[in-house]
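Student: turn this into a structure:
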Amino acid sequence: MKEKRIIFTAGVLLALAASVCHAQDVEREQQAEQVKSSVTRLRLKDRPSVAVIRRDLSRVSGNVTGVGEEDFIVTRKGPPDGAKHVTVRYQDVLEMSVGGIRISFAPYPQSPVHGRWDDLKTLRHNTYIGVVLKNGKDMYGRFAGADEKKLTLLGQTNDAVLAIPSDIIARVFGYSDGKNGVKENTRKGLKAGSEVGAPEALIVAPVAVGVGALIGLGQQKQAKILLVFAR
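Tutor: Okay, the predicted model is just below:
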């Protein structure tokens, strides 16, 4: 009887997870349609200005110069990476300001459940992120990748690496334009890094009071705080 009860419980949890994933997929499709509807109404001959934050936490700004079925083109003036024309997929837009319209799908930072672990795999390399552990400790550093078993942070040098097991992670935030805040708090992060086996060169910072402090730190440093994953 006990074994059957365990199997039944596991089945219920799997069904619930599948239902949540399906709901998120539908929501993402609806959001993409909303972005498309807004962009396709623009007068391209006016070269409307646009500012976008994509789901990988990268920013794109410039002028909308082309619109397609699945994406639109942003033309930038003198970008540092030399890419003058950038293709932005509707489904990749997290926030957008264009033609006097502002769209945001960023969740409430303290939402109890959000996203999927696979969302972390799409984050832009070197993006600054905040990680909240299940035991209440948290830290932030540069994103270096994620797989099914871990999330990896980089320090000031690429040989300073911290692999955080996925099963102890409760929440992950993105810090858009939050580099200064991370660098200024490097020394403060040494203690927290040592507690989880991090090299001293790693950029991590302890925040004793959890999510609220991560949000407050971002506001203090004028960084955009975006919830990427929560469970």
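Student: wait, what's in contact with residue 120?
Tutor: Neighbouring residues of residue 120 by CB atoms under 8 Å, 6 or more residues apart in numbering: 143, 146, 151, 172, 228, 229. Using the backbone N, CA and C atoms, a C-beta is placed for each residue, glycine as well.
Student: the second one contacts residue 119, doesn't it?
Tutor: Pointing back at residue 146 there. No: Residue 146 is beyond contact range of residue 119, at 9.2 Å (criterion: CB atoms under 8 Å).
Student: got the contact list for residue 49?
Tutor: Residue 49 makes contact with 61, 62, 63, 64, 98, according to CB under 8 Å, 6+ apart.
Student: which one of these sits closest to residue 128?
Tutor: Among the contacts of residue 49, residue 61 lies closest to residue 128 (CB to CB), at 19.1 Å.
Student: can you pull out the helices in the protein?
Tutor: For the chain, the helices defined by DSSP state H cover 2-40, 117-120, 179-184, 190-195, 211-220.
Student: quick revisit: which one of residue 146 and residue 119 has more residues nearby?
Tutor: Neighbour count, other CB atoms under 10 Å: between residue 146 and residue 119, residue 146 has more, with 23 against 16.
Student: for the more buried one, name its beta-bridge partners.
Tutor: Beta-bridge partners recorded for residue 146 (DSSP bridges): residue 151.
Student: pLDDT score for it?
Tutor: Here, the pLDDT recorded for residue 146 equals 95.
Student: where's it relative to residue 164, distance?
Tutor: Distance of residue 146 to residue 164, given as CB to CB, to the nearest Å: 9 Å.
Student: anything in contact with each of these two?
Tutor: Taking CB under 8 Å, 6+ apart as the contact rule, residue 146 and residue 164 both touch residue 152.
Student: on that earlier part again, of the contacts of residue 120, which pair is most distant in space?
Tutor: So, these by CB to CB: farthest apart are 143 and 229, at 11.8 Å.
Student: burial count for residue 143?
Tutor: 25.
Student: and for residue 142?
Tutor: By other CB under 10 Å, the residues close to residue 142 number 21.
Student: bridged to it, which residues?
Tutor: Per DSSP bridges, residues listed as beta-bridge partners of residue 142: residue 128, residue 154.
Student: my guess is it contacts residue 130, does it?
Tutor: No: applying CB under 8 Å as the test, residue 142 and residue 130 come out as separate, 11.5 Å apart.
Student: contacting residues for residue 94?
Tutor: Contacts of residue 94 (CB under 8 Å, 6+ apart): 53, 54, 55, 57, 104, 105, 106, 226.
Student: and those residues, which of them are buried?
Tutor: Among these, those classed as buried by 16 or more other CB atoms under 10 Å are 53, 54, 55, 57, 105, 226.
Student: how about the first one, nearest residue that isn't a chain neighbour?
Tutor: Computed as CB to CB, 6 or more residues apart in numbering, the closest residue to residue 53 that is not its neighbour in sequence is residue 95, at 4.3 Å.
Student: pLDDT value on the one you found, please?
Tutor: At residue 95, the pLDDT value in this model is 93.
Student: list the contacts of it.
Tutor: 52, 53, 102, 103, 104, 105, 106.
Student: distance to residue 45 and pLDDT added to the residues you listed, as a markdown table?
Tutor: As requested, the contacts of residue 95 are exported to a markdown table (distance: CB to CB, whole Å; pLDDT from 0 to 100):
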| residue | distance to residue 45 | pLDDT |
| --- | --- | --- |
| 52 | 21 | 94 |
| 53 | 26 | 92 |
| 102 | 23 | 92 |
| 103 | 22 | 93 |
| 104 | 27 | 91 |
| 105 | 29 | 91 |
| 106 | 31 | 87 |
